[in-house]
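S.K.: Here you go, sequence then predicted model.
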There are 4 protein chains.
Amino acid sequence: MIRFNCDYLEGTHPRILQALTETNLVQTCGYGEDEYCEAAREAIQKVCKCDSAQVHFLVGGTQANLTVISSILRPHQGVLCVKEGHINVHETGAIEATGHKVIAIEGTDGKLCAEQIIEQHKLHWEDGSHEHIAQPKLVYISNPTELGTIYTKSELEAIRKACDACNMYLFLDGARLGYGLMSKDNDMTIEDIAKNCDVFYIGGTKVGAMFGEAVVITNPALQEDFRYIIKQKGGMLAKGRLLGIQFLELFKDGLYFEISAHAMKMAEILKEGLKELGYKFYANSPTNQQFVIVPDKKLQELDEKYSYEYQMRYDAEHSVVRFCTSWATKEEHVRQLLEDMK
Amino acid sequence: MIRFNCDYLEGTHPRILQALTETNLVQTCGYGEDEYCEAAREAIQKVCKCDSAQVHFLVGGTQANLTVISSILRPHQGVLCVKEGHINVHETGAIEATGHKVIAIEGTDGKLCAEQIIEQHKLHWEDGSHEHIAQPKLVYISNPTELGTIYTKSELEAIRKACDACNMYLFLDGARLGYGLMSKDNDMTIEDIAKNCDVFYIGGTKVGAMFGEAVVITNPALQEDFRYIIKQKGGMLAKGRLLGIQFLELFKDGLYFEISAHAMKMAEILKEGLKELGYKFYANSPTNQQFVIVPDKKLQELDEKYSYEYQMRYDAEHSVVRFCTSWATKEEHVRQLLEDMK
Amino acid sequence: MIRFNCDYLEGTHPRILQALTETNLVQTCGYGEDEYCEAAREAIQKVCKCDSAQVHFLVGGTQANLTVISSILRPHQGVLCVKEGHINVHETGAIEATGHKVIAIEGTDGKLCAEQIIEQHKLHWEDGSHEHIAQPKLVYISNPTELGTIYTKSELEAIRKACDACNMYLFLDGARLGYGLMSKDNDMTIEDIAKNCDVFYIGGTKVGAMFGEAVVITNPALQEDFRYIIKQKGGMLAKGRLLGIQFLELFKDGLYFEISAHAMKMAEILKEGLKELGYKFYANSPTNQQFVIVPDKKLQELDEKYSYEYQMRYDAEHSVVRFCTSWATKEEHVRQLLEDMK
Amino acid sequence: MIRFNCDYLEGTHPRILQALTETNLVQTCGYGEDEYCEAAREAIQKVCKCDSAQVHFLVGGTQANLTVISSILRPHQGVLCVKEGHINVHETGAIEATGHKVIAIEGTDGKLCAEQIIEQHKLHWEDGSHEHIAQPKLVYISNPTELGTIYTKSELEAIRKACDACNMYLFLDGARLGYGLMSKDNDMTIEDIAKNCDVFYIGGTKVGAMFGEAVVITNPALQEDFRYIIKQKGGMLAKGRLLGIQFLELFKDGLYFEISAHAMKMAEILKEGLKELGYKFYANSPTNQQFVIVPDKKLQELDEKYSYEYQMRYDAEHSVVRFCTSWATKEEHVRQLLEDMK
């Protein structure tokens, strides 16, 4: 079985495993206050060109999302996102469980735009009974999005401006950030992201780490007492060093970007190959998730050798499925899949 | 100023005021365990023809909704309703504040249908990653709906069957129940409602009471410890008798239905009159809320003498506004409004 | 049956009933934005000598407590109070249900002192693992306390200073505030309370109103968006005017203080009478709640004619019970009780 | 620096690291549904002699506690534990953040006894106003406790009986379970624990794993939909296999018990050595946490070479500190510490 269903199929990048092995019996203090975490924080501040950013390491994406969002909002405030937003559809109501409404609106290609933020803000505040409605206070975007699409720098800057105009915060979910940044269609740097967001996270789990996400809080107003919230929500890893060691390795010599670039190369081979074979795509993704329309008959054949993620029925004879590449994808596997998709 | 903006503009029906006055200095125990509450409970069980129903008196609608819903659901479960659902758009995220997702779907004329429940259930359980998605466990409908429309008996029965088939509960918000039941288009009794819902509430605040809603729990599986939840959510009135006295009066000699019928008569005069004047309606409401498309110029004129509830812009020169009648509406005021709407 | 079990046994003070009757058919807008509420707010600002205070009217005490506390605290913060604190023992975990720890400590006569606040603050911040512990951010005191005792002005001022020193807020639960202020042992005015607390509430339910509590927020930092929280927690009364009318009457011509003084006079007759009869008290209460140690045999006799609130067993043959007086207590009933207690 | 401050100072046991390394590039599905997790579940069911138990792997202790407790309780229900209980004092209000009161009572040596459960139950239900009080529904105990003490088999069985009699559930926090089971004072097996608890967890983080806790739900009534709650609370690890691989190794050839036994041997050497040196203990712990009363002067000396966990001031010249041994403690380090403690 060759797996393409997601980007967290293997353990971790060998360099990370090596770092964990080398440090295994070193004694450190706990809860992320060790020297590895400290060094990893500095590495991330440096790559983001933002010395004043707070960097916190969490184990997973849902945990990062619910910790960040519940830390920011007062009880009556909600978070705005597109319908496909991970927090809206794939976290079992994790945000609502912290007491907050997810205000989901129709996006375009999985993306939210600046105008929509301004419109939502206006709709809320112009309504005479706005006190009867959850107040939109935070914007949540994913980059890449849940459909594999990415924001352009100018789109992100416009969103930033809209948030400023509306007195709202901006949170970017970067579960697959590396893949977005290394997409050939991308025109942003991680520094641009740090500059335009109040808080974002750099995904490790899906980009070579064994597990872990680095939450970067650039807005000082959102930094106070964040570690309390991590602890309360069950996200404070006793052996926090494990996260520090991993992110330190990922941001040494540009490993994070290098392995992301590999995934993107694999994705391009796959995408171009499928295009040549005449396949159509459900979304035009320039990143490592490819949403392809495949005849059901062909899927039955594939089932013997491959895993993919079933998305939905497309028509009577076709379905939409997702193939992912990752830091670990082997080119021969992609070539083999293309061969079998003929 | 003559007010038509809602149905809770005055204090209370004179008979209720009289009952409160007569009992004012009688001493009773607190928290709804007095003889008035007991008698009111029995009156409601009787009118619902359901002796095993639990009846609880709460002060307001949002309180009733959040208490009922949080009492029923486990943390990962959500409540299904139409987008216009009061819990979705007009309660400041009250349901989410108790930890639960409101799963809002597109309705028809403000109504949900049985097929949609079955479809949502299927969508959830067929998805391989359903554990990552809030589980739909409760259906919330309003009757009349937020658009003034009402369910037919066969629609409600079909919804009941769908809930049974899907192992879901059904909760009916009857904030304006009297107006729905006395609509000339209605084919249901309060007994039908009791028979088909697991829990519902009979609105008092909008139907002649000073304040208060009577929550009726017919499903024994949902009755346990409900009073704890009322207390915890701040809904246990110290002088619970106030609610008992009111509902006792409302369900004596059919007062609830009689005053609802008056409101409906006023609504029909208004609706027919506006139709004759050539006005169009945003929704075809057979109850006491009339959503009318009015030229902005005309609204400016009305503003001097009348209040109405602004809903939204319809086009460049028209808006949608709501006029409500109630138990207290005077026919001369409706006639006067019709005159001025010419 | 003559009832002494609590101070909310009757409906409401006749003057309030009259005010409700006189205004009954007047039309007003809803949700506390009517002229009666406005006037009541001004009356309360005036009596508190604090024009910048926000005044909000809520229906009951638990509702007031949970709305105020959840409005102030961030998720990791807790509220400090004495073990007997109403929020700790008699609200079914209402505060915890909004996500916050109640940090209960041993008080003296139901009271917290300034030193304890400083000590708790120090304990928290000196602990190297304070991020693992709920952060004390708000002090909750009741005046009168749950044992009927009251704070002196200098005690309250010391608590204020301690809160300032510790960067904590102070919230005073005044469910029985009138009785405290009119106690002969009291040396504070309502103005002192407004000056020393960040937020407090003036109890109406137990002091002559039909229902209702007036939350007074003097600290501007705690005023933002409070109405959203009221709505979310189910506390926004549709016919908000009902609360305005009541508080307007209570603060007209000093009615609130006058009827409180009556209750205190009754309490003194009761207390002195019981003392003369040789009864001992569980707490030395200078207010309307008297906690008396009574032989079980005597209680059996009383049961035929009186209600009281059973508190706890004292020894093999005695129990502690509570007798309350109120604005409505008749002197003849107190005399009769004293006669029967012989 | 030689560290004795806790039992999670190193990475992981070399055998676990080897297992992670060997499986590193194997592709598996995610979220704990892979073959390693399946095998680990079976191994744990087998060691617990309970085939019907559900086994779930979570990343950390606070996460396990909040997920289990919020899964079990309805909103008005609370969890009973001793004051020192980890959930009461060291989880930043994590349980309250899920809406539930922690009902903390005075224990003996960090332990709760059956009589106290019965007493608390009686206190609650006998109180006429029990609906105003959070309902005790779940008992939380730790074994070993936060003071290092352990329950005897007969104590646990009595607690089980008390829970049955009171219609309450029993949850055992086994963050350090291995150390308890291998204490020379212990008379229980893991099978006894499985038989007497409704749910418990086997700690990995502190007992040789890199991270991870295995929640074992033996009561079928508590098994439904548990994975939803894990996901909602942010505890569902994408690469769930990492937990499966670790627990599979820990329960292969009795590794878990073997390394626990080593820690106990080290603890005994330390305890006996300190006793011989004349040191007194704050608690008489038969497990790997030793709470020792040490002169402040001596602590200053130790600070140069050792870490320990400061607990509290004992008297003007002494403090209580905690020394922990673990699976990784070297005998030479213990000997060296004893030498320096002379």
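M.R.: Cool, the structure landed.
S.K.: Run the chain-centre distance for the longest helix belonging to chain A.
M.R.: In chain A, with assignment by DSSP state H, the single longest helix is helix A:255-276. Here helix A:255-276 is found 17 Å from its chain centre; the criterion is Cα atoms, centre = their mean, to the nearest Å.
S.K.: likewise stretch A:21-36?
M.R.: For stretch A:21-36, the distance to the chain centre is 27 Å (Cα atoms, centre = their mean).
S.K.: quick one: that stretch near chain D?
M.R.: Yes. Interface with chain D: stretch A:21-36 contributes A:21, A:23-30 (Cβ under 8 Å from any Cβ of the partner chain). Any C-beta I mention is one placed from the backbone N, CA and C, and that applies to glycine too.
S.K.: what's the first-to-last distance across that stretch?
M.R.: From its first residue to its last, stretch A:21-36 covers 14 Å (Cα to Cα, to the nearest Å).
S.K.: mind listing what's buried in that stretch?
M.R.: Applying a neighbour-count criterion of 16 or more other Cβ atoms under 10 Å in any protein chain shown, one finds A:21, A:23-24, A:27-32, A:34, A:36 buried in stretch A:21-36.
S.K.: average pLDDT for the helix or strand where A:Ser154 lies?
M.R.: Secondary structure from DSSP states H and E places A:Ser154 in helix A:153-166. Here helix A:153-166 scores 98 as its mean pLDDT.
S.K.: strands paired with the next helix or strand after that helix, and their directions?
M.R.: Downstream of helix A:153-166, the first helix or strand assigned by DSSP H and E is strand A:169-174. Within its sheet, strand A:169-174 is paired with strand A:135-142 (parallel), strand A:199-203 (parallel), according to DSSP bridges.
S.K.: Can you show me the CA trace of the helix or strand of chain A with the lowest mean pLDDT as PDB?
M.R.: Least confident helix or strand, chain A: strand A:309-315 with a mean of 94, by mean pLDDT, DSSP states H and E. Output in PDB follows, covering the C-alpha atoms of strand A:309-315 (Å, rounded to 0.1, in the frame of the first residue of the first chain):
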ATOM      1  CA  GLU A 309      -8.800  10.700   0.900                       C
ATOM      2  CA  TYR A 310     -12.300  10.400  -0.300                       C
ATOM      3  CA  GLN A 311     -13.900  13.900  -0.400                       C
ATOM      4  CA  MET A 312     -17.400  13.600  -2.000                       C
ATOM      5  CA  ARG A 313     -19.400  12.400  -4.900                       C
ATOM      6  CA  TYR A 314     -18.900  14.600  -8.000                       C
ATOM      7  CA  ASP A 315     -21.500  13.000 -10.300                       C
END
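S.K.: winner for burial among the strands paired with strand A:169-174?
M.R.: strand A:199-203 (a mean of 27; mean count of other Cβ atoms under 10 Å in any protein chain shown).
S.K.: Quick one: work out the angle between that one and helix A:255-276.
M.R.: 70 degrees (axes from the mean of the first three to the mean of the last three Cα atoms, to 10 degrees).
S.K.: Are the next helix or strand after strand A:199-203 and chain D in contact anywhere?
M.R.: Where DSSP H and E defines the elements, the next helix or strand beyond strand A:199-203 is strand A:213-217. No. Using Cβ under 8 Å from any Cβ, strand A:213-217 never reaches chain D; the gap is at least 10.3 Å.
S.K.: what is the rounded mean pLDDT of strand A:213-217?
M.R.: pLDDT averaged over strand A:213-217 gives 98.
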